[in-house]
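Asks: show me the folded form of this:
(2 chains)
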Amino acid sequence: MHTKTNIILAGVGGQGILTIAAILDTAALDNHLNVKQSEVHGMSQRGGAVQSHVRISDQPIYSDLIPQGKADIIISVEPMELLRYLPYLKKDGYLITDSNPFENINNYPELETLYNEIKSHKNHILIDAMKIAKDLGNSKATNVVLLGAASSLIPLSDESFQKAIATLFERKGERIVAKNLEAYFKGREIAAEIVS
Amino acid sequence: MKKLLLGNEALAQGAIDAGLSGVYAYPGTPSTEITEYIQKSKIAQELNIHSAWSVNEKTAMEAALGMSYAGKKSMVVMKHVGLNVAADVFMNMSVSGINGGLVVVVADDPSMHSSQNEQDSRYYGKFAMIPILEPSNQQECYDITKYAFELSENLGLPVLIRLVTRLSHSRAGVATGERIVQNNIHLPKIATQFQLIPMHARGRYQHLVDLQPDMLEISENSDFNTFYDGANKSIGIIASGIAYNYLMENFEDGKCPYPVLKISQYPLPKEPIKQLFDTCEKILILEDGYPFIEEAISDFLGENRKVIGRLSGDIPRVGELNPDNIANALGFDIVINDNLPKVVLGRPPQLCVGCGHNDLFNAINALKNESASQQVFGDIGCSALGVLSPYESINTLIEMGSSITMAKGAADAGIHPAIAVIGDSTFTHSGMTGLLDAIIENTPITVIISDNSAIAMTGAQDSAASGRLISICIGLGIEEDHLKIITPLHKNLQENIDIIREEINYKGVSVVIAQRPCVQLPKEKKDKLKEYTNVSIN
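Replies: Predicted structure coming up:
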């Protein structure tokens, strides 16, 4: 059985989806897997819609872009941005998102309509990751909570995720590493409750 | 251990390991990270590799040529439209040739993610009659760059490397190799090589023409052009650069049943293309950008069409390739789904919260209410976002520097008020000469330099204009009475409207510098800028 996972990360420029990408990349390399990860630089980074395609496999990876209908998981730090990449989701793929909107457009849709659309998909994890992160004392760790929530669906070991988080936040000191690990654990725990 | 690098970073590391002595560049998406990688590289610092930003792509390329003249290896990096700015030196240095290895790196932007067109730089390479290299993945970005310097020195010609956004901005593991030592200074062996007066230029051009068969032979034997035979001859496929990846994505375990010619080096290798023509029923061309290969090998009238691709409509004529539109062309049963739930709305880029451009546009819009004939000529950079809602302040946006000169032409035609809005870095890149045109004729235009002291859109790099704008404008000949400094803040709105109105009413050229640092700048840089902004006009 081959290991092969396609993940789309979604958000608005400046929301930090590349941190999630970097943790995934680092954990995958630690597992001696191949990685390809595309990202968006330039104009869209100024408050526009941004996404990153992360592909992890034990086989050679050709395309930098995930084909439509081939994403196993979409992780979004914003509920409307989650739905922007639906054509890429596999039939039985997972949607994981923070419930807090980033309202920088004036006709932002009704939240209930958004949530109903998300809930119409069987496999979804819709959580208030921002509140979870805040309660843990680090609102910046919203993205790591979401990664934690997705982690058990990704064929990388729990240990390798922890190691990658420790490596990536090392520069910022022990306290920040600990806070992000807590965020990761909490996300993982909440997702386990929802999925079971 | 492989390093996880962006295509841009892999290319930069390849250049360092090829013995680079200097990189010259102006920031531009998707090329920016190449130069930034070298700027941040410890080994590049130890080796004293030049990496400071240039004022524009033309000055960058000329400096790279100067370093090559001195015998050292140099690289010049830009986005596709930057090559238009540098086209003069680009076309002429292919005639002069080079001394130290010189590699021109151009990152194209198919689908115009951050650009105003999707021009394909391969045409420039062909136009200049020099070799073109087009890596397909991150490892090739590294390998091809090392090879490009070797090829450049062997042929005595500049070599063009063409990237596309998706390769520039995607990471993968890259294995790096030995680093080659930098060249010492050694001047050209032929004294007349760089003296392109007609009598010498004719000889150099003949030499360039004479090199073409050698270039073809090198390309036909290149490891970067690979022919993979396949049993099913109903289609033969030519895939260039990144298109090869999208093609292979469509086959389990990378087993394509059709013959495939992967192209990463030009001129186009004739032998394997002929082999495809002789053995296959149809030839499918997969190339990101314009139909460059397809045009070159199609029959002119298209009556005996054996070649299919973007021109035949099998691949969309515009926009970037992806695994899905290639699957379609291969006849796979897939439906490309662009339908999103109605609840998903567009989210265009916008100015940051606290951006000074915002307050400037509010002032310009207030003046628009006073004078319906007002036309505002915009320019490239963050200030271009003034085109979009909620501002809709800007009427035109074409290319770097065009705000001032288009305002001048419109004023010559009788438009009043004619206002140009240009960022500080765009002004030093391409606006200064246009301002001189307006000064010479004292054309009634109002030039607003929205000075955030950064090349903001590409990541707040240092602007060549910082601390120099006032002296540049005065030096060009702006009358001091018509050079105004304003601070675009909400509390100054009425005062700013009054100042701009006064300059609009002046029947000559005036400059208003709207100074407020980019919010993306780190605090140390903002503090340093205070030294500049405290300088008064007199």
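
Asks: can I get the helix or strand of chain B with the lowest mean pLDDT in PDB, CA atoms only?
Replies: Across the helices and strands of chain B, mean confidence by mean pLDDT, DSSP states H and E is lowest for helix B:523-533: a mean of 79. Provided in PDB are the C-alpha atoms of helix B:523-533 (Å, rounded to 0.1, in the frame of the first residue of the first chain):
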ATOM      1  CA  LYS B 523      10.100  49.100  13.000                       C
ATOM      2  CA  GLU B 524      13.800  49.600  12.600                       C
ATOM      3  CA  LYS B 525      13.300  50.600   9.000                       C
ATOM      4  CA  LYS B 526      10.500  53.000   9.800                       C
ATOM      5  CA  ASP B 527      12.700  54.700  12.400                       C
ATOM      6  CA  LYS B 528      15.400  55.100   9.900                       C
ATOM      7  CA  LEU B 529      13.000  56.700   7.500                       C
ATOM      8  CA  LYS B 530      12.200  59.400  10.000                       C
ATOM      9  CA  GLU B 531      15.600  60.900   9.300                       C
ATOM     10  CA  TYR B 532      14.600  61.300   5.600                       C
ATOM     11  CA  THR B 533      11.100  62.700   6.200                       C
END
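
Asks: from the chain's centre, how far out does it sit?
Replies: Distance of helix B:523-533 from its chain centroid, counting by CA atoms, centre = their mean, to the nearest Å, is 29 Å.

Asks: ok, now stretch B:167-181?
Replies: On CA atoms, centre = their mean, the centre of stretch B:167-181 falls 21 Å from that of its chain.

Asks: and what of stretch B:95-105?
Replies: Chain-centre distance of stretch B:95-105: 19 Å, with CA atoms, centre = their mean.

Asks: and it, end to end?
Replies: Its first and final residues considered, stretch B:95-105 spans 18 Å by CA to CA, to the nearest Å.

Asks: same check, this time on stretch B:340-350
Replies: 22 Å.

Asks: who does the residue positioned nearest the centre of chain B form a beta bridge with?
Replies: Per CA atoms, centre = their mean, the C-alpha nearest to the average position across chain B is that of B:K79, at 1.1 Å. Note on B:K79: beta-bridge partners by DSSP bridges are B:A107.

Asks: in contact with whichever residue of the stretch 401-538 of chain B sits closest to chain A, which residues?
Replies: Closest approach between the stretch 401-538 of chain B and chain A, counting by CB to the nearest CB: B:M457, at 6.5 Å. Yep, even glycine has a C-beta here, placed from its N, CA and C like the rest. Contact analysis of B:M457 by CB atoms under 8 Å, 6 or more residues apart in numbering or on different chains lists A:42-43, A:46, B:29, B:114, B:381-382, B:384.

Asks: what are the ranges of the helices in chain A?
Replies: Along chain A, counting by DSSP state H, helices occupy A:17-30, A:79-84, A:111-119, A:129-135, A:142-151, A:158-169, A:174-195.

Asks: now do the stretch 301-450 of chain B
Replies: Along the stretch 301-450 of chain B, the stretches classed as helices by DSSP state H, counting those that start in this stretch are B:323-329, B:356-370, B:402-413, B:424-426, B:432-441.

Asks: which strands and helices sit next to the last one?
Replies: So that's helix B:432-441. Contacts defined by 3 or more CB pairs under 8 Å, 6 or more residues apart in numbering or on different chains; DSSP states H and E place helix B:432-441 against helix B:402-413, helix B:469-476.
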